[in-house]
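Asker: No sequence on hand, only this structure:
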């Protein structure tokens, strides 16, 4: 007799869920793989877009904020200041932009087969991580160009990267689940991304934020992550200390836990309302 | 230890339908307004949709009500019932797409559902890539797919196009590829929902063969179909659902018989309230077979459509017609009482009437058939049309899905008498052809 016993019940226990998530890890891999493959199909420049986008953004920010607005770069070349911030920021917004639609765009799968739904937004985060790695290569290239040698602080990068992935997953869980029920979020997300660009120190260092506002500013968990990246790669160019990092860790944890909590709560009705 | 692989106890599923048609997706604004109105209650709606308090503007529909059944290892259970009886909801619960509102099911073994083949196919990916993706979506591991890859490709007959994007495939090729992947799943419990009605005839035959092979390998199959012939040949046991409840279960042939009786208590073939156009009033439209009102039609026997109506106001040149369409929405045929008009039809009087028309045997394909009653003024306007007032299920008792007419192109599948005789010389044959032609022309005059 098969020991593979499964009980389906109204409001069944969640213990199975995490096991299922592990069991379906190949599907997660396949969905991410599909999204990477599909993204640049029928695009002449193909994968080059992954480089062009951060490159152009960096150029624009350097010219506008570095040259014209003459914002300080604290001793490092302005392009590097921007690029270091864009690594986590692009990871976050790519994940959120793709991920918030990940359930709705997979409607036919959700209404026809079972899989732990968390795989869909997680797949989008994985795709964003692929872009992140491509941007990282770009970063290395520019560091070599400007002859900037990173120190031992670079070892902190995995920690800040993990924090960025967790923030992405938390935000994506919230937004994808909300989009299933409230299609309004399709309009909210682009706005959030635009607004977030100014609410986070992407194009400039957070040191230009007046001292008395810094604590409030650090409630945005992306502030700690972005400045963390800058600190690890370029040294002390932003306003970063233990408080900022701690506040970021707390913020990200809250975002992730609440995101997964809300996702799990609404997940069982996805097939009915999507 | 029991050898049941599926044990369902008291399964119920409730859907809440909003009354504003078209507003399927709640807007966030609505939710915010509600939360402002009802303070805590609205917030609860956003945070915990499962505990929404009853709302007078919402209507509850029980798609399933207290359904219990057991399926043993290796058994093939047919699930039948009219559209909307809850079959699909049941399958969705078994394949874990949606949760039951009440009750529980215990499953022993991996369930694979073929609710619709080709789930997750992506048009931009190649055939090869889609095989892997679709396999993973259906629950196969990468190793399993690799092991069966050649078999899947051979079965689907698309070898030459493996590296072509799926969007360049014909729809027939897409379906073949999709079914090939699904057919090579090896689950302990297979849930099938009418996927056999895909592809051309030769491919269907192959698919049905594969299904049988799967079932003979000792696997449990749950088969949902409108095709009584297929259920009868494929399943030992069947279960009849009506309005979300099990009304009959047992030996397949008995349950099918029960379904085919078209029990009036189960289905009411007569509707009494119709729109009124001021000139014509439909009272009832009913199908009869062997003088019994029914909604299930044996295609091997003729049946009669009876329309009761009232002419309220006399208008010249009015015609009564019935248009039939199939489940895909294709027009199957139409018939009109002016085709060979009687005196009564040509000069209609006011009053109540009954019109009858007999549809010949051995004409229709199996499957749902919807009849629309139309009353029109010739060449001018449609005075009255009641869409799909007749909802029939056509079945063929002698016709399992592998029979000759199943899956044949065309909206009808008439069984016509063919004759054959030996023609010894070609001259003889030509002469004979001439004679036949001549006889035909003469006969026509």
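Answerer: Sure thing, it's come through. Remember, it's a predicted structure, so these values are computed and weren't measured experimentally. Numbering: from 1, shown residues only, chains lettered A, B, ... in the order given.

Asker: Number of residues surrounding the closest residue to chain A within the stretch 201-350 of chain B?
Answerer: Per Cβ to the nearest Cβ, residue B:220 is where the stretch 201-350 of chain B lies closest to chain A, at 10.5 Å. No exception for glycine: its C-beta is placed from N, CA and C like everyone else's. Residues lying near residue B:220 (other Cβ atoms under 10 Å in any protein chain shown) number 24.

Asker: So what pairs up with it in the strands?
Answerer: On the basis of DSSP bridges, residue B:220 is bridged to residue B:189.

Asker: what about it, distance to residue B:134?
Answerer: 23 Å (Cβ to Cβ, to the nearest Å).

Asker: circling back: so the residue of the stretch 201-350 of chain B closest to chain A makes contact with residue B:189?
Answerer: Yes. With contact defined as Cβ atoms under 8 Å, residue B:220 reaches residue B:189; the gap is 4.7 Å.

Asker: Give the residues shared as contacts by those two.
Answerer: Counting by Cβ atoms under 8 Å, 6 or more residues apart in numbering or on different chains, the shared contacts of residue B:220 and residue B:189 are B:5, B:6, B:109.

Asker: for those, which one is nearest residue A:198?
Answerer: Nearest to residue A:198 among those, counting by Cβ to Cβ, is residue B:109 at 54.8 Å.

Asker: hang on, isn't that closest one packed against residue B:190?
Answerer: No. Here residue B:109 lies out of contact with residue B:190, judged by Cβ under 8 Å, at a distance of 10.0 Å.

Asker: So if I had to pick from these two, which one is more boxed in?
Answerer: residue B:190 (23 against 19).

Asker: Quick check: closest non-adjacent residue to the more buried one.
Answerer: Residue nearest to residue B:190 in three dimensions, not counting chain neighbours: residue B:221, with 4.9 Å by Cβ to Cβ, 6 or more residues apart in numbering or on different chains.

Asker: can you count the residues close to that neighbour?
Answerer: The number of residues packed around residue B:221, counting by other Cβ under 10 Å, is 21.

Asker: State the distance from it to residue B:94.
Answerer: For residue B:221, the distance to residue B:94 equals 12 Å [Cβ to Cβ].

Asker: can you list residues touching both of the two?
Answerer: Here residue B:221 and residue B:94 have B:189, B:191 as joint contacts, going by Cβ under 8 Å, 6+ apart.

Asker: contacting residues around residue A:154?
Answerer: Residue A:154 neighbours (Cβ under 8 Å, 6+ apart): A:232, A:233.

Asker: Quick check on it: phi, psi?
Answerer: The phi/psi pair for residue A:154 (degrees, to the nearest 10) reads phi -60, psi -20.

Asker: re the thing from before, shared neighbours, residue B:109 and residue B:190?
Answerer: Common neighbours of residue B:109 and residue B:190 (Cβ under 8 Å, 6+ apart) are residue B:220.

Asker: Quick check: residues of the stretch 51-200 of chain A near chain B?
Answerer: A:106, A:108-115, A:178, A:181-185 (Cβ under 8 Å from any Cβ of the partner chain).

Asker: one more time with 7 Å
Answerer: Within the stretch 51-200 of chain A, the positions near chain B by Cβ under 7 Å from any Cβ of the partner chain are A:108, A:109, A:111, A:112, A:113, A:114, A:181, A:182, A:183, A:184.

Asker: Name only those of those residues that count as buried.
Answerer: A:109, A:111, A:112, A:113, A:114, A:181, A:182, A:184 (16 or more other Cβ atoms under 10 Å in any protein chain shown).

Asker: Format those as JSON lines; extra columns: secondary structure and pLDDT.
Answerer: Shown next, in JSON lines, are those (DSSP: H, G, I helix; E, B strand; the rest coil; pLDDT from 0 to 100):
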{"residue": "A:109", "secondary structure": "helix", "pLDDT": "86"}
{"residue": "A:111", "secondary structure": "coil", "pLDDT": "84"}
{"residue": "A:112", "secondary structure": "coil", "pLDDT": "82"}
{"residue": "A:113", "secondary structure": "coil", "pLDDT": "84"}
{"residue": "A:114", "secondary structure": "coil", "pLDDT": "85"}
{"residue": "A:181", "secondary structure": "helix", "pLDDT": "86"}
{"residue": "A:182", "secondary structure": "coil", "pLDDT": "87"}
{"residue": "A:184", "secondary structure": "coil", "pLDDT": "85"}
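
Asker: Tell me which residues touch residue B:311, please.
Answerer: B:280, B:348, B:349, B:350, B:351, B:353 (Cβ atoms under 7 Å, 6 or more residues apart in numbering or on different chains).

Asker: What helices and strands are in contact with the helix or strand encompassing residue A:225?
Answerer: Assessed by DSSP states H and E, residue A:225 sits inside helix A:221-234. For helix A:221-234, the contact count by 3 or more Cβ pairs under 7 Å, 6 or more residues apart in numbering or on different chains; DSSP states H and E identifies helix A:78-99, helix A:157-181, helix A:242-267 as packing neighbours.

Asker: so after the lowest-mean-pLDDT helix or strand in chain B, what's the next helix or strand?
Answerer: Least confident helix or strand, chain B: helix B:40-47 with a mean of 49, by mean pLDDT, DSSP states H and E. Tracing the chain C-terminally past helix B:40-47 and defining elements by DSSP H and E, one meets strand B:58-72 next.

Asker: by contact count, what packs against the one helix or strand residue B:131 maps to?
Answerer: Assessed by DSSP H and E, residue B:131 sits inside helix B:127-137. Where contact means 3+ Cβ pairs under 7 Å, 6+ apart, helix B:127-137 is packed against helix A:25-39, helix B:142-156, helix B:171-183.

Asker: Check which residues of it are buried.
Answerer: The neighbour-count criterion (16+ other Cβ under 10 Å) identifies B:127, B:129, B:130, B:131, B:132, B:133, B:134, B:135, B:136, B:137 as the buried residues of helix B:127-137.

Asker: Could you export these as CSV, including pLDDT?
Answerer: Listed next are the buried residues of helix B:127-137 as CSV, based on pLDDT from 0 to 100:
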residue, pLDDT
B:127, 91
B:129, 91
B:130, 91
B:131, 92
B:132, 91
B:133, 90
B:134, 88
B:135, 88
B:136, 87
B:137, 85
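
Asker: Between these, which sits nearest residue B:113?
Answerer: residue B:137 (11.2 Å).

Asker: so that closest one touches residue A:113, yeah?
Answerer: Yes. With contact defined as Cβ atoms under 7 Å, residue B:137 reaches residue A:113; the gap is 5.8 Å.

Asker: Many thanks, have a good one.
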